[in-house]
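K.L.:
all I have is the shape, not the residue letters:
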């Protein structure tokens, strides 16, 4: 039984890191939070202190030296992902990494090569695949309940634009925000994208435009199976975090609603009202983070394929780059132009 | 073909009368609005003038003298219903009468006896039976879709109390408002009531209480088939006219929503909102008035039973009287104590 | 008062013609169905016979000769619209015409020129603008309730593909089906389209593809005010007629649902179910046909602008042609390339 | 800081006990699962083993001897509650006890007296008060959002009848099932019940009737503030666990829906469907169990009143006894006849 416990090291003890730490330490019986590293030593120490036997180490390299460690969970800044993946792979550790692997194909490919060479597992943090609502949409298509998929529409809107400092290093709306929707589109349709056409504008915050980015975008995707998809992105839906999908198939349709903090409707002399949907992505997707980590632990312990591979991350990046190029050149861009 | 046209006389050209007149004159091909009578002669003339060949007569007695007339539609004041039914029955005319026949059993029974003696048809205006939504609830029970009925709940609320002058002559909340719900309960459950228990209060408008009436009531009914039902009445739901039912059966449940002026949801920074439901009973039930009249015309022309009989009206009155007595004596009242 | 009655001639007594005839004859007090013409004389005679004083004439030219006639309603085959409009305009009659004016810009422009030269009114049958649900979405934008519009999504799906004979003369999915959505997009956003990008496939019925047409399409539109819109079309949603829109603005969002035959939910041991939405466009939009005709009659009698102009029809045609070209050339097409 | 950790002993390590144990041990930072006792020693040992430093003791008396223990959580069989409460109170331990305290007023009063004499805290497990949905309904009333409460309707239905062995010792439907709804009615209305009228039948499982119990019930309640309430209970809603409330107030209404496993609607050629609501009370109310325990820990540590008192439990029992008597005697029963 002892070898059925996976010892995990956490690299990056920020908001996402702490959330994964809590799931690993408290909710996944066959996983143990073994050690924590963060460039901000205090953050690492705080996180470690919350979880009994967990060690605090200075760097991810020190962490990787520990032969008791089985796997790492990487939640550090995006620009460090590729290097840490490569280091972890060379140390023979399995890897869970927050998306994206990198903002360039070169760095992404370097990381993926190291993973392949070391024959370790790499799972990417496309947590929305593990959400019960999106999973039900997936099942409706994968089970044949709605027949062959024809038309997909994804709505993905944030409650408010991120800080401008974040925008600067985010890689832009397509690599930061739409990247989740690209993965969702492939996941829900069970097919690959052939061509991307995108349009984007700055309608919300001029400062975002001054940084060369957009706050409002629409993307159209052509899939190998003939399906067509559109993605709607906005950096600001004033009513909150809006994440819905709708899929039409040959034998039926499936659509998803947002999640709400309660199931209450109030009627007054002016209108019927509901409280706003769950407003924060961590709240909306809280159980999906648990399920993705659980799936990672199981895949490593059982030596089965991870449910979200490094290639899934690479393809989402390719689609993001294609969308960027499509907007710049105002033309559809074939995926094989990029990849 | 000519004898397939039913010549109808309208007694009472108020709001309800005009609505029935329009359906008869314009929407029911095998019915013709033959004549109109109203104690307010101007109202009768106005109504007649709107519908081409329609005659204006002084009294319902004059109307009944006309051998070309096949049937009457009675929309006059409640206290005239019983006499006009008796007169019409004796004249051999078929009768559609707005509910209730009367506020007393004696007058009701006199009318029903005349109808029986003359062997004419009498249909009562429980229009809600002809509403598509309530009909679907009925079908769910009658078809066996939800199995045997166990628990029924009816919500019936007005947007605002009626004028006090109306309250005075209405017979009270149970005979004026709940009477529709009594009929609906019997219709939906396909069974008869054995016992009534009711509680009522004055929570909205003290003046209603001063008239000896209530503005807020709950009624519990025991049915012959073992089903239990509750009815909720309020003279004032500030968000509008609220008419819903919910039925639990052994194999499923069925519930109905209100009808809305549009199918739109608006989200803003504070909440999600819908416009208020259709607020006025004529608007909410507009098509049901057409369907009930159509059914009456067909029943007369085809000589088939009317879908809502005089007995249905009598039973609803009995239940209303039982509810009144139950509140006064604070005890369950058996239907056979009244009937 | 006599001159306040509009005498209308109906050209084309098919399904749509009969519907308009009924509204004109029975529901619009200040309009009169004066005459009917149809190439199928029997159809014309049947329609006329249903509406008392209405004359049956042989051709639209004969109809236009009658000086008592004020206006014509054109519901004949699409390829006759332009000529009849020109004839009616020259005869000084006001015109209500079903969409589209024509399938080519040349014919459309000829008709519009004749209307302009004769200074008569021309209203086009974009009835969906008069639907209470879409009108509420429009109001939410026009009133500022949701702020500046950013992203619009239109879903428009038929229950089943039309007969192949119809497909042959329809002008293709973009001119036959999307044309309504193009008009709706302009109406809801209150702005004009700059550029169209469309993709389309044959996923439902191969025979449609053999005719050079598509059964599944997505269109992306750039608007002058910076808004982006997508339109989803399918010739077959097995659950029925699906017509929804969703609009995100700077201060809120608005979305519409389909209309249903009843407001009932049924729960059984397997799932919660609702009956399918209203399945037939005539049923779904029944009141909109009344409201558009009413608006036409009022505009003529009051000499005010019609709510849907010939130019609105022309622009929708331009967008349809642009979408066709975009699919063929797989590139975004600027509207000014066509117009 | 050390004294801010509450050491809790768990009495009864069945399903509910294990759920509370997990919340105490893993999710409430300032609580510690100190010891576990169960008449089934293996159950106690298993539960203790899951939570690191937790001791396994033989009896609740042994547990109460431990001076390090601050509080007990009682999840043993109902007929042991009163004695354990008395023992715990005498030992000076604070008490969280699953509902009901006892099935008789005598035992209940003995427990409450001991608690009062020892001046310890006693909180009862009416967890539904801590559910986000019911809390929102409560807030709508308590905040004045819907004005003065007039009419309350509670629907409470189980997915399937409990085992007959359970029914035998449950105290009957009113003490086992409706008791939650009695508490909810008082909680939502913020007032006390004056009179109870109840009707009940055996419509689902005759064997329940043979045990002298009912499987279908309706209760009507009169409140001190004039509000009227009805409760609907069924031991079997085939579509699952059904828990809804609806409250009409002078300035608005509020209603709650069930909770669902996902937010997805599927449309096919026959109907629109949703998956069934969360079917199991532990799943439906999972977060409420956390919140009630958290509230208990806070109340003890901060020496503030517990949110659900022993009196709340006593009153719910009184209402259950009144309902039983009302059914037996087919008459309204005043609460002061029982209490």
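P.N.:
Perfect, thanks for sending it. Computed from a prediction, not measured in an experiment: that's the story for all the values here.

K.L.:
show me chain A divided up by domain.
P.N.:
Per the record, chain A has its domains at A:2-120, A:129-285+A:316-338, by automatic domain parsing.

K.L.:
could you dump those to JSON lines with distance to chain B?
P.N.:
C-betas here are computed from N, CA, C, even on glycine. Formatted as JSON lines, the domains of chain A follow (distance: least, CB to the nearest CB, whole Å):
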{"stretch": "domain A:2-120", "distance to chain B": "24"}
{"stretch": "domain A:129-285+A:316-338", "distance to chain B": "4"}
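
K.L.:
okay if I get those domains as a markdown table plus mean neighbour count?
P.N.:
Formatted as a markdown table, these follow (neighbours: other CB atoms under 10 Å in any protein chain shown):
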| stretch | mean neighbour count |
| --- | --- |
| domain A:2-120 | 20 |
| domain A:129-285+A:316-338 | 21 |
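
K.L.:
let's have these in JSON lines, adding mean pLDDT.
P.N.:
Output for the domains of chain A, formatted as JSON lines (pLDDT from 0 to 100):
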{"stretch": "domain A:2-120", "mean pLDDT": "94"}
{"stretch": "domain A:129-285+A:316-338", "mean pLDDT": "97"}
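
K.L.:
can you redo the ones you listed as JSON lines with distance to residue B:216?
P.N.:
Below are the domains of chain A laid out as JSON lines (distance: least, CB to CB, whole Å):
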{"stretch": "domain A:2-120", "distance to residue B:216": "49"}
{"stretch": "domain A:129-285+A:316-338", "distance to residue B:216": "17"}
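
K.L.:
can you give me the strands for the stretch 151-300 of chain A?
P.N.:
A:193-201, A:216-223, A:228-234, A:242-249, A:252-256, A:264-268, A:272-274 (DSSP state E, counting those that start in this stretch).

K.L.:
for residue D:133, find the nearest of the ones you listed.
P.N.:
strand A:264-268 (5.7 Å; CB to CB).

K.L.:
do you know which of the strands of the stretch 151-300 of chain A lies nearest residue A:334?
P.N.:
Comparison of the strands of the stretch 151-300 of chain A against residue A:334 by CB to CB identifies strand A:193-201 as nearest, at 5.1 Å.

K.L.:
quick check: which helices or strands does the closest one pack against?
P.N.:
In this structure, strand A:193-201 packs against helix A:173-176, helix A:178-189, strand A:216-223, helix A:310-329, strand A:333-334, helix A:335-338, strand C:193-201, strand C:216-223, with contacts taken as 3 or more CB pairs under 8 Å, 6 or more residues apart in numbering or on different chains; DSSP states H and E.

K.L.:
hmm, the last one in reach of chain A?
P.N.:
Yes: using CB under 8 Å from any CB of the partner chain, strand C:216-223 comes into contact with chain A via C:216-218, C:220, C:222.

K.L.:
now distance to residue A:157 too, for the residues you listed, in TSV please.
P.N.:
Shown next, in TSV, are those (distance: CB to CB, whole Å):
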residue	distance to residue A:157
C:216	26
C:217	24
C:218	19
C:220	17
C:222	19
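
K.L.:
among those, which one lies nearest to residue C:250?
P.N.:
Of these, the one sitting nearest to residue C:250 (CB to CB) turns out to be residue C:222, at 17.8 Å.

K.L.:
what residues are up against the residue lying closest to that closest one once chain neighbours are set aside?
P.N.:
Spatially, and ignoring its direct neighbours in sequence, residue C:222 is nearest to residue C:195 (4.3 Å; CB to CB, 6 or more residues apart in numbering or on different chains). Contacts for residue C:195 (CB atoms under 8 Å, 6 or more residues apart in numbering or on different chains) come out as C:221-222, C:332-335.

K.L.:
nearest to residue D:315, of the residues you listed?
P.N.:
residue C:221 (63.0 Å).

K.L.:
what separation do you get for the residue lying closest to the closest one once chain neighbours are set aside and residue B:55?
P.N.:
Setting aside the residues directly before and after it, residue C:221 is nearest to residue C:229 in space (CB to CB, 6+ apart), at 4.3 Å. Distance, residue C:229 to residue B:55, using CB to CB, to the nearest Å: 57 Å.

K.L.:
turn the helices and strands packed on strand A:193-201 into JSON lines, columns for distance to residue D:310.
P.N.:
Formatted as JSON lines, those follow (distance: least, CB to CB, whole Å):
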{"stretch": "helix A:173-176", "distance to residue D:310": "54"}
{"stretch": "helix A:178-189", "distance to residue D:310": "50"}
{"stretch": "strand A:216-223", "distance to residue D:310": "57"}
{"stretch": "helix A:310-329", "distance to residue D:310": "56"}
{"stretch": "strand A:333-334", "distance to residue D:310": "70"}
{"stretch": "helix A:335-338", "distance to residue D:310": "67"}
{"stretch": "strand C:193-201", "distance to residue D:310": "68"}
{"stretch": "strand C:216-223", "distance to residue D:310": "63"}
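
K.L.:
ok, which of those comes nearest residue D:14?
P.N.:
helix A:178-189 (40.1 Å).

K.L.:
what helices or strands is that closest one leaning on?
P.N.:
Against helix A:178-189 (3+ CB pairs under 8 Å, 6+ apart) you get helix A:132-142, strand A:149-157, strand A:193-201, strand A:216-223, strand A:228-234, strand A:242-249, helix A:310-329.

K.L.:
could you work out the end-to-end span of stretch A:41-58 for me?
P.N.:
7 Å (CA to CA, to the nearest Å).

K.L.:
got the contact list for it?
P.N.:
In contact with stretch A:41-58 (CB under 8 Å, 6+ apart) are residues A:9-10, A:13-14, A:17-18, A:21-22, A:25-26, A:32-38, A:63, A:66.

K.L.:
how about a cut-off of 10 Å?
P.N.:
A:8-14, A:17-18, A:20-22, A:24-26, A:32-40, A:62-66, A:68-69, D:29, D:52 (CB atoms under 10 Å, 6 or more residues apart in numbering or on different chains).

K.L.:
remind me what the helix or strand harbouring residue A:301 packs against, helices and strands.
P.N.:
Assessed by DSSP states H and E, residue A:301 sits inside helix A:286-302. When contacts are defined as 3 or more CB pairs under 10 Å, 6 or more residues apart in numbering or on different chains; DSSP states H and E, helix A:286-302 packs onto strand A:6-11, helix A:15-22, strand A:31-37, strand A:71-74, strand A:94-97, strand A:122-124, helix A:132-142.

K.L.:
quick one, which of those is nearest to chain D?
P.N.:
Among the helices and strands packed on helix A:286-302, the nearest to chain D by CB to the nearest CB is helix A:132-142 (4.2 Å).

K.L.:
what residue of chain A is the furthest out?
P.N.:
residue A:269 (42.7 Å; CA atoms, centre = their mean).

K.L.:
of all the strands of the stretch 151-300 of chain A, which one comes closest to residue A:285?
P.N.:
strand A:242-249 (8.5 Å).

K.L.:
still on that earlier bit, nearest to residue B:101, of the strands of the stretch 151-300 of chain A?
P.N.:
Of all the strands of the stretch 151-300 of chain A, strand A:264-268 comes closest under CB to CB, at 34.9 Å.

K.L.:
how far does the closest one sit from the chain's center?
P.N.:
35 Å (CA atoms, centre = their mean, to the nearest Å).

K.L.:
what do you get for stretch A:21-35?
P.N.:
20 Å.

K.L.:
equivalent analysis for stretch A:27-36, please.
P.N.:
21 Å.

K.L.:
and it, anywhere near chain D?
P.N.:
Yes: contact of stretch A:27-36 with chain D (CB under 10 Å from any CB of the partner chain) involves A:27, A:29.

K.L.:
end-to-end on that stretch?
P.N.:
17 Å.

K.L.:
go on, stretch A:173-182?
P.N.:
12 Å.

K.L.:
same check on stretch A:185-197?
P.N.:
Using CA to CA, one end of stretch A:185-197 lies 14 Å from the other.

K.L.:
same question for stretch A:140-148.
P.N.:
Stretch A:140-148: ends 10 Å apart by CA to CA.
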